[in-house]
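*Asks:* Please find the sequence and the predicted model below.
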Amino acid sequence: MIETERLRFRQFVDGDLPLLIEQRSDPEVNRYLGGPTRQNAEALATRIKFYMDCYEKFGVGMCPMIWKETGDIIGSAGLQPLEDTGEIEVGYSIIKKYWGLGIGTEAARGWMEYGFNMMGLERIVAVANVPNAASRRIMEKLGMKFEKNEVHYDEECAFYGITKQEFFGK
């Protein structure tokens with residue numbers, strides 16, 4: 001798995017489900033992740049299975065985000081298929097205590113570098129609930145360009161994309 005300056009990642013395992021439920025039960029964390037409808041115990045049990053299946057099928061998926069300084073899991077990030085679009089998306093979610101520290105940008109950049117350099121991807125996309133200004137700022141900091149609004153995960157989302165060439169400025 002990848003590491004960044006302050007973060008490391010590993011694959012999700014079944015034993016991570018209670019912590020994932022706890023982290024995503026915070027209304028401020030889950031408000032742009034579909035709220036309690038998509039972030040409840042039953043839905044997250046299905047979602048964590050999807051994350052683990054992604055490792056088997058694609059060699060990557062969403063992963064627990066570990067703060068190196070303490071070893072605490074502070075969220076999740078990774079690469080995964082964006083529903084049935086054929087695109088690979090970078091995603092991230094962070095517990096509130098760690099907001100505003102540049103962690104989302106650091107995590108997404110690390111996964112994008114991995115996707116382009118190690119997986120040979122030519123393009124990576126990201127989606128965010130339209131009013132999620134913080135997530136959209138992260139995408140823009142990483143050089144991703146807004147392409148359109150469309151529905152993903154049953155929500156109206158801003159859809160961003162970037163090519164390998166654009167990301168590395170070549």
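*Replies:* That came through fine.
*Asks:* Spit out the contact partners of the closest residue to Thr4 other than its chain neighbours.
*Replies:* Nearest residue to Thr4, sequence neighbours excluded (C-beta to C-beta, 6 or more residues apart in numbering): Gly110, at 4.1 Å. (Glycine included, C-beta is placed from N, CA and C.) Shown in contact with Gly110 (C-beta atoms under 8 Å, 6 or more residues apart in numbering): 2-4, 7, 9, 77.
*Asks:* Which of the three states applies to Gly110?
*Replies:* helix (DSSP: H, G, I helix; E, B strand; the rest coil).
*Asks:* And the pLDDT for it?
*Replies:* Note for Gly110: predicted pLDDT of 98.
*Asks:* From Met52, how far off is it?
*Replies:* Per C-beta to C-beta, to the nearest Å, Gly110 is found 20 Å from Met52.
*Asks:* which element is Gly78 on?
*Replies:* When elements are assigned from DSSP states H and E, Gly78 belongs to strand 73-81.
*Asks:* Can you list the strands that that strand pairs with?
*Replies:* When pairing is defined by DSSP bridges, strand 73-81 lines up against strand 62-67 (antiparallel), strand 88-94 (antiparallel).
*Asks:* any idea how far Leu44 is from Glu22?
*Replies:* 10 Å.
*Asks:* scratch that, Tyr92
*Replies:* Distance from Tyr92 to Leu44, by C-beta to C-beta: 16 Å.
*Asks:* Let me know the next secondary structure element after the least confident helix or strand in the chain by mean pLDDT.
*Replies:* For the chain, counting by mean pLDDT, DSSP states H and E, helix 35-38 ranks last in confidence among helices and strands (a mean of 61). Downstream of helix 35-38, the first helix or strand assigned by DSSP H and E is helix 41-58.
*Asks:* How about the contacts made by the residue positioned nearest the centre of the chain?
*Replies:* The centroid of the chain falls nearest to Gly91 when counting by C-alpha atoms, centre = their mean (1.7 Å). The contact partners of Gly91, by C-beta under 8 Å, 6+ apart, come to 62, 76-80, 126.
*Asks:* repeat that with 7 Å
*Replies:* Applying C-beta atoms under 7 Å, 6 or more residues apart in numbering to Gly91 gives the contacts 62, 77-78, 80, 126.
*Asks:* Buried only: go through those for me.
*Replies:* Among the contacts of Gly91, those classed as buried by 16 or more other C-beta atoms under 10 Å are 62, 77-78, 80, 126.
*Asks:* tell me which of the residues you listed is nearest to Asn132?
*Replies:* Ala126 (10.9 Å; C-beta to C-beta).
*Asks:* any idea how far the helix or strand containing that closest one is from the chain center?
*Replies:* Assigned by DSSP H and E, Ala126 belongs to strand 123-129. Its chain's C-alpha centre and that of strand 123-129 lie 9 Å apart, by C-alpha atoms, centre = their mean, to the nearest Å.
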